[in-house]
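following is a predicted model, sequence given first.
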Amino acid sequence: MSIAPLGAGRTISEVISPTWTDLFGPTTESDDEFAALTGAVSALQEAFTRCDPPPEVAAALAHRLHEVAGQLRSHETAEDDQLCGRLWDRPGRGQVMAPALHVDEVTGTTARGHFTIERFHSGRYALNGGVTPMIFDEIMSRLGNSLGLGWARTANLSVDYRSPAPRYRKLTATAEFVRQDGRKRYLAATITDDRTLIAEATGLWVLTTPGTAPEPQRRN
């Protein structure tokens, strides 16, 4: 894979400036060193899910991975300075817990994106039921917090599962702002496979009190 270097002698955050402010819009692929690291961790998760190594191989790999974890810990930073989860213009935001959501379109009070799962995020040949709410929370929270109505946290998320979601296919996630009543914000969303409804969700977000969360900017 070709990597576009960010430049030596500085930390990655000094070059790409992660932030808690999400100017919610379409994402673009990146090819720098941190994108390569993110992809490598995702590949490790998938390979770990699929593996059945001999004991001696498992022991050797565990030793090597502890060494890698130690190297990463030597570069630990404060939560407000971390890269993971704060690179909003990238699919997945630079995190590796949930499937990377590629945001395709944001128009007024709606948003649409897509994602693909492999075995790490599956539960016996289909999208794991516990992963589905993470996708919904991602697109619904980001849409709601981009409207200039104040920063809110998830208070309730109700999911109805309609069909098994296949692996290795592009699945579409859509979200819609429904209304805001005082501090309460309501949104709805769906996940589909072409014309097949996979799951649908409704959710409630509650505005935080001043000073307890970063205030997002309104997107243009």
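Received it, and whenever you're ready, just let me know what you need.

how much space separates G130 from A47?
From G130 across to A47, the span is 21 Å (CB to CB, to the nearest Å). For every residue, glycine as well, the C-beta is placed using N, CA and C.

can you check R112 too?
From R112 to A47 the distance is 31 Å (CB to CB).

more neighbours: which of these two?
With neighbours defined as other CB atoms under 10 Å, R112 and A47 compare such that R112 has more, 18 against 12.

quick check: phi and psi on that one?
phi -140, psi 140 (degrees, to the nearest 10).

tell me the bridge partners for it.
Taking DSSP bridges as the rule, R112 bridges to E105, T174.

give me the pLDDT value at it.
Confidence at R112, expressed as pLDDT, is 98.

that one and E105 touch, don't they?
Yes - using CB atoms under 8 Å, R112 is in contact with E105, at 4.7 Å.

what strand or helix carries the residue located most distally from the centre of the chain?
Using CA atoms, centre = their mean, the residue of the chain lying farthest from its centre is E56. It sits 34.5 Å away. Assigned by DSSP states H and E, E56 belongs to helix 55-73.

for that helix, buried residues please.
Of all the residues in helix 55-73, not one is buried under the rule 16 or more other CB atoms under 10 Å.

ok, now stretch 26-44?
T27, S30, D32, F34, A35, L37, T38, G39, S42.

and the gap between the fifth one and A201?
Pointing back at A35 there. 29 Å.

also the first one?
Relative to A201, T27 is positioned 21 Å away (criterion: CB to CB).

confidence-wise, which helix or strand of this protein is lowest on average?
Taking mean pLDDT, DSSP states H and E as the measure, the chain has helix 12-16 as its least confident helix or strand, at a mean of 82.

send over it as CSV, restricted to the C-alpha atoms.
Output of helix 12-16 as CSV, limited to C-alpha atoms (Å, rounded to 0.1, in the frame of the first residue of the first chain):
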residue,chain,number,x,y,z
ILE,A,12,0.6,12.9,13.9
SER,A,13,-1.8,15.2,15.8
GLU,A,14,0.5,18.2,15.1
VAL,A,15,-0.1,17.6,11.4
ILE,A,16,-3.7,16.6,11.1
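
who are the packing partners of it?
Contacting helix 12-16 under the criterion 3 or more CB pairs under 8 Å, 6 or more residues apart in numbering; DSSP states H and E are the following elements: helix 33-50.

not including adjacent chain positions, what is the nearest residue to the residue most central in space within the chain?
The centroid of the chain falls nearest to G92 when counting by CA atoms, centre = their mean (3.8 Å). Closest residue to G92 apart from its sequence neighbours, by CB to CB, 6 or more residues apart in numbering: A100 at 3.1 Å.

I am finished for the moment; much appreciated.
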